[in-house]
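In: Dropping a prediction and its sequence here:
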Amino acid sequence: MLLAAGPVRPLGAASQSRLRFGEGPKDKQAWAGRRLLWLDEQPAFELSYWCGTCPCLFERLEGATSTCSIEDVGRRLVDGLNGIDEQVLALFGSLLPRAQYLPMLLCIEPRLVRPAQAGDYFAAEQVATWGLNSFWGLPEHPRTPYYRTYETPVDEDAHLYEFVVPMVPPSWNEEERVARYAAELARSAKPTAVAVSTLDICAPAVERGGDYYTHWALTHFLLDGHHKMQAAATAERPVQLLSLLSIDASLASPEKVGRVPALRRAARAVRVAH
């Protein structure tokens, strides 16, 4: 459920920032390096490739070793936001590179998914469209548990999938804190996590799987709220998510990124293969 959306606005640090999106080193025979999310100058996630015809991807790398919580707003996020909070946006924006962002406040119901197990997008919906990885003969692998939250049709030939990706795996969370948040979420759905997000729009250049269509991957990389998110999934309770959706870092035009709030207002619906 979309609770609120603000206008696109500039956020971010003009010089050094803890996180940034960019290109990795380029091999001699490649036309571009890997598309990466960097944390503290270390590659934290490999993202969908630049071409838009390769499968959607968020693969955890060795640099994803810490969260990005901000102590000054910890209590406010536990109590929960009532809308787009400008001070919270500015504080978390200071962790990000200077760019244009679309802020959204969502109410989500996360479901924890493990790679190659039931509900894994990479082993199910993605394989149905792209087939198995042609070299490995296996599905793509995110190398992290992640949360699935929502999906809906964009149109007859496109479908939106939403993911929440923790910067560190849930096994690193403190069980006592998860239990405390589960008790809090039993009373209220307002506790709020924060994420920087991208929209990647991908479709195969040729039909390889049995269900050809365009995948819209709305991916939220958690900055704050790892214990809240695990608690919500464990207790099967809703939780709020403040998303800073990057226009510049998305694999989509600004016009298509601008469609996301309306799509998040739509009813949840699973893909029906044609």
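Out: Perfect, thanks for sending it.
In: In stretch 116-132, which residues are buried?
Out: Neighbour-count burial for stretch 116-132, with 16 or more other C-beta atoms under 10 Å as criterion, is recorded at D120, Y121, F122, A123, E125, Q126, V127, T129, W130, G131. Just so you know, the C-beta spots here come from the backbone N, C-alpha and C atoms, and that holds for glycine as well.
In: actually stretch 148-160, not the one I wrote
Out: R148, T149, Y150, E151, T152, P153, V154, H159, L160.
In: Just the ones of the residues you listed in strands?
Out: Per DSSP state E, strands hold the following members of those: R148, T149, Y150, E151, T152, P153, V154, H159, L160.
In: now, which of those residues sits nearest Q100?
Out: L160 (20.6 Å; C-beta to C-beta).
In: Tell me the helices and strands packed up against the longest helix along the chain.
Out: Assignment by DSSP state H gives helix 175-187 as the longest helix of the chain. For helix 175-187, the helices and strands in contact under the criterion 3 or more C-beta pairs under 8 Å, 6 or more residues apart in numbering; DSSP states H and E are helix 226-235.
In: that older thread, kindly reformat the ones in strands among the buried residues of stretch 148-160 as a markdown table containing distance to W136 and pLDDT.
Out: Rendered in a markdown table, the data for those read as follows (distance: C-beta to C-beta, whole Å; pLDDT from 0 to 100):
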| residue | distance to W136 | pLDDT |
| --- | --- | --- |
| R148 | 23 | 98 |
| T149 | 28 | 98 |
| Y150 | 29 | 97 |
| E151 | 26 | 98 |
| T152 | 31 | 98 |
| P153 | 30 | 97 |
| V154 | 29 | 98 |
| H159 | 25 | 98 |
| L160 | 27 | 98 |
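In: which one of the residues you listed sits closest to L91?
Out: Top of the list for closeness to L91, among those and by C-beta to C-beta, is T149 at 24.0 Å.
In: ok, now which ones touch the nearest residue to the closest one once chain neighbours are set aside?
Out: Using C-beta to C-beta, 6 or more residues apart in numbering and skipping residues adjacent in sequence, the residue nearest T149 is I108, 4.3 Å away. If a contact means C-beta atoms under 8 Å, 6 or more residues apart in numbering, then I108 has M1, T149, Y150, E162, V164, A232, P238, V239, Q240, L241 as its contacts.
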